[in-house]
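**Student:** Sequence first, then the predicted structure, then my questions.
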Amino acid sequence: MFKSVYTRYIVSFIMIFVLSFLCFGAIIYGYVFEYAENEMKDRVKSAAYSGKTTLDLLYQSYVESHRASGNLPDILDKDSYKVFYTEKESDILAVLDGMAKISDVCVLILDDQNRVAISTDQNLEGGLFPDGYEPIDGVSKEKVCIEGIMSKESYICTFPLSGMENDYRVFAYNLSNADKIMIGKLVQAMALSAVVVWLLGFAGCMLISNGMIRPLREMSKAAKRFALGDFSARVTVRGQDEIADLADSFNDMAQALSDLEEQRNTFLANISHDLRTPMTSISGFIDGILDGTIKPEDRDHYLNIIGTEVKRLSRLVRTLLEVTRIEAGARKFNMTDFDICEMAMMILFSFEKQIDDKKLLVEFNCTEERVAVSADADAIHQVLYNLIDNAVKFSYEKGILRVTVRKDDSKKILVEVYNEGNGISKEDLPHVFDRFYKADKSRGMDKTGVGLGLFIVKAIIQAHGDTIEAESEEGKYCLFRFLLPAGELPNAKKRGEDRLSAPEDKK
């Protein structure tokens, strides 16, 4: 229904506010209503009880004064209260008026006929309660009916007055509906508060929601630009909350995509060159052989060149297929225990011609005669071959090439390949393991690679659950080191450092 996140925020806020305010209002209403009701009952009861107590004292005083004068037998009959109220009406009314004004109630005196004998409201005097009305002691809420005068529902309280053979009672009921007035004012105050709070909350919610949604909108626009191939868009980072972290991560992703696109373009340019050059040579030589331009006695020479170029194309295709398999997770590793020292030594022997051509000083350091690792032998061979190939390729003439195998403090096997040479610049070092990345962008020293070798190396080591890192100082040296799980081989013996070849001493 609501497609916009901003709209959902606003609607959610309104619903939460309304529900919260209704719950809060219901609770407050219940407490206030109960308080007003109890307060009204207390005032009516207090007025009635105070009236009863005061009138009883007045009556006792009246009786005692007549006893002292000798008239006591004449008034102690069933009409004695009528005489008392007739003689003391003004005093009684003054007492009841004081109580009525304090408590905001009406106080009555009912005679034995349920007729109003005395009342703080003179209009009620002489009024008669309905036949059959039986007052109940204490507080209750019922309709007060005085025939021909009034009828209203009120809180009432009645107590019998003391005296011999008398049915007179004091009767009190509330004049105003103070509880309803209080609740009405409360509802008005709550409604006004709700409007003010709602307006302030709505404005605040709009500002906060807009602040939260703005980066998301910018990300949406940037993503659409990414879809069109424009990776230059960035999101403005505001604050330090989760949205700011998301914006930061989005910008990092955008930068990564931009770098990847640049690498892809570089790769396409390199791969185009690597494919076009041998194919042009192959095509030219074949055409020369077919049209007779190349003499028969030279054909074998050019066929050898064609074979070399075909092998170069084959290696390139295999490398691309290898990257595809690694990225798809399709390459399976067969873990076995083998001697990595022996493997490294055999790889070094395979580079004997290149080492001799550059007159490199090779150092092979293995702390034991045989060092076992638990890994995929073919994959680790590919790793070592690639690293040693790079070390030979980028070494200075007469430089040092060192391969070291030893146990690490973590009881894993540490392998290091070191060479003295051009090294890698600080700017290029963080990217040496990226896909299609070539530090030698001029292709002056490496005319065969496409920037995938070290990417494959890193992927293989990570697949074994370990890490590889590079260390370099431009113009001096380059060092690659990685860890492998230790394996088990029988009869491992200690040995010292070996030198495979040392054409001349290093001064």
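**Tutor:** Arrived safely, thanks for sending.
**Student:** In terms of helices and strands, where is residue 171?
**Tutor:** Element membership of residue 171, judged by DSSP states H and E, is strand 169-174.
**Student:** who touches that strand?
**Tutor:** 40, 43-45, 47-48, 51-52, 55, 100, 103-110, 135, 144, 154-161 (C-beta atoms under 8 Å, 6 or more residues apart in numbering). Placement of C-beta: from N, CA and C, glycine included.
**Student:** Just the buried ones from those residues, in ChimeraX syntax?
**Tutor:** Burial among the contacts of strand 169-174 is assessed by 16 or more other C-beta atoms under 10 Å; the matching ChimeraX selection reads:
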select :40,43,44,45,47,48,51,52,55,100,103,105,106,107,108,109,110,135,144,154,155,156,157,158,159,161
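**Student:** Filter the contacts of strand 169-174 down to the ones in strands?
**Tutor:** 105-110, 144, 154-160 (DSSP state E).
**Student:** For burial, what's the neighbour tally of residue 408?
**Tutor:** For residue 408, the neighbour count with other C-beta atoms under 10 Å is 13.
**Student:** Now the strand holding residue 171 - C-alpha only, CSV.
**Tutor:** Extracted in CSV, the C-alpha atoms of strand 169-174 (Å, rounded to 0.1, in the frame of the first residue of the first chain):
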residue,chain,number,x,y,z
ARG,A,169,-32.5,11.5,59.8
VAL,A,170,-29.8,13.8,58.4
PHE,A,171,-29.6,13.5,54.6
ALA,A,172,-26.9,15.0,52.3
TYR,A,173,-26.3,14.9,48.5
ASN,A,174,-23.9,16.7,46.2
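**Student:** Can you tell me the element residue 61 falls in?
**Tutor:** Element membership of residue 61, judged by DSSP H and E, is helix 5-69.
**Student:** distance between that helix and the chain's centre?
**Tutor:** 47 Å (C-alpha atoms, centre = their mean, to the nearest Å).
**Student:** Just list what it packs against, helices and strands only.
**Tutor:** Contact analysis of helix 5-69 by 3 or more C-beta pairs under 8 Å, 6 or more residues apart in numbering; DSSP states H and E lists helix 72-75, helix 80-87, helix 89-103, strand 105-110, strand 138-146, strand 150-160, strand 169-174, helix 178-227 as its packing neighbours.
**Student:** can you redo the ones you listed as a markdown table with distance to residue 287?
**Tutor:** Listed next are the helices and strands packed on helix 5-69 as a markdown table, based on distance: least, C-beta to C-beta, whole Å:
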| stretch | distance to residue 287 |
| --- | --- |
| helix 72-75 | 154 |
| helix 80-87 | 144 |
| helix 89-103 | 124 |
| strand 105-110 | 125 |
| strand 138-146 | 117 |
| strand 150-160 | 118 |
| strand 169-174 | 120 |
| helix 178-227 | 45 |
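**Student:** Of those, flag the one that's most buried.
**Tutor:** strand 105-110 (a mean of 26; mean count of other C-beta atoms under 10 Å).
**Student:** Now find how far off-centre it is within its chain.
**Tutor:** 68 Å.
**Student:** Who are the packing partners of it?
**Tutor:** Checked by 3+ C-beta pairs under 8 Å, 6+ apart, strand 105-110 has helix 5-69, helix 89-103, strand 116-119, strand 169-174 packed alongside it.
**Student:** rerun at 10 Å
**Tutor:** Strand 105-110 sits against helix 5-69, helix 89-103, strand 116-119, strand 138-146, strand 150-160, strand 169-174, with contacts defined as 3 or more C-beta pairs under 10 Å, 6 or more residues apart in numbering; DSSP states H and E.
**Student:** dump the residue contacts of the residue nearest to residue 374 when sequence neighbours are not counted.
**Tutor:** Spatial nearest neighbour of residue 374, excluding adjacent residues (C-beta to C-beta, 6 or more residues apart in numbering): residue 487 at 3.9 Å. Residue 487 is in contact with 335, 336, 337, 338, 339, 340, 371, 372, 373, 374, 375, 413, counting by C-beta atoms under 10 Å, 6 or more residues apart in numbering.
**Student:** now, which of the residues you listed sits nearest residue 115?
**Tutor:** residue 335 (111.9 Å; C-beta to C-beta).
**Student:** Could you tell me the phi and psi values at that closest one?
**Tutor:** phi -80, psi 120 (degrees, to the nearest 10).
**Student:** What is the neighbour count of it?
**Tutor:** If you count neighbours by other C-beta under 10 Å, residue 335 ends up with 13.
**Student:** That one reaches residue 376, doesn't it?
**Tutor:** Yes. Judged on C-beta atoms under 10 Å, residue 335 makes contact with residue 376 at a distance of 6.1 Å.
**Student:** Between those two, which contacts overlap?
**Tutor:** Common neighbours of residue 335 and residue 376, using C-beta under 10 Å, 6+ apart, are residue 464.
**Student:** Worst mean pLDDT across the helices and strands of this protein, which element?
**Tutor:** Every helix and strand of the chain was ranked by mean pLDDT, DSSP states H and E. The lowest is strand 498-501, at a mean of 44.
**Student:** that's a strand at residue 479, yeah?
**Tutor:** Yes. Under the criterion used here (DSSP: H, G, I helix; E, B strand; the rest coil), residue 479 sits inside a strand.
**Student:** Now do the same for the most centrally placed residue in the chain: its pLDDT.
**Tutor:** Nearest residue to the geometric centre of the chain (C-alpha atoms, centre = their mean): residue 242, 6.8 Å. Reported pLDDT at residue 242 in the predicted model: 78.
**Student:** How about residue 372?
**Tutor:** As predicted, residue 372 sits at a pLDDT of 91.
**Student:** Verify the stated contact: it with residue 366.
**Tutor:** No. Using C-beta under 10 Å, residue 372 makes no contact with residue 366, being 11.7 Å away.
**Student:** what sits in contact with each of these two?
**Tutor:** With C-beta under 10 Å, 6+ apart as the test, residue 372 and residue 366 both reach 339, 340, 341.
**Student:** Which of the helices or strands spans the closest residue to residue 212 other than its chain neighbours?
**Tutor:** Nearest residue to residue 212, sequence neighbours excluded (C-beta to C-beta, 6+ apart): residue 243, at 5.8 Å. Following DSSP H and E, the helix or strand that holds residue 243 is helix 242-290.
**Student:** Helix or strand next in line after that helix, which one?
**Tutor:** Following helix 242-290 in sequence order, the next helix or strand is helix 299-328 (DSSP H and E).
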